[in-house]
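In: Just the structure for this:
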Amino acid sequence: MRIDNLLDKLCIVKHRSIAKKACDNELVQINGKVVKPSKKVKKGDKITTSLYGYIVEFELTDIPNKNIKKSEAKNYYKLLVKNQG
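Out: As a prediction, this is how the structure comes out:
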């Protein structure tokens, strides 16, 4: 799954277009490397975002196959860090 789709499905951002713009503006990293919106993610990746005034780092525990409910989103990642930035 692409990183921009993943951020949308896990409700990290409201729309995929926001995730795409964040990647284009170098605000998203996977395993410490800035990525493009088309970068594929895999289980165990550590993702860092600098969005909405927060720096959030989380590790993927699973990747959703389809759309999921907002209440189920936290089952797919483990929050590592959340700081105001």
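In: residues in contact with the longest helix along the chain?
Out: Scanning the chain for the longest helix, with DSSP state H as the assignment, gives helix 16-24. Applying CB atoms under 8 Å, 6 or more residues apart in numbering, the external contacts of helix 16-24 come out as 3-8, 12-13, 28, 35-37, 39, 49-51. For glycine as for every other residue, the C-beta is placed from the backbone atoms N, C-alpha and C.
In: Recalculate using a threshold of 7 Å.
Out: 3-5, 7-8, 13, 28, 35-37, 49, 51 (CB atoms under 7 Å, 6 or more residues apart in numbering).
In: residues of that helix that come out buried?
Out: Of all the residues in helix 16-24, those buried under the rule 16 or more other CB atoms under 10 Å are 16, 18-20, 22-23.
In: now swap in stretch 58-74 and tell me
Out: In stretch 58-74, counting by 16+ other CB under 10 Å, buried: 58, 60, 63-64.
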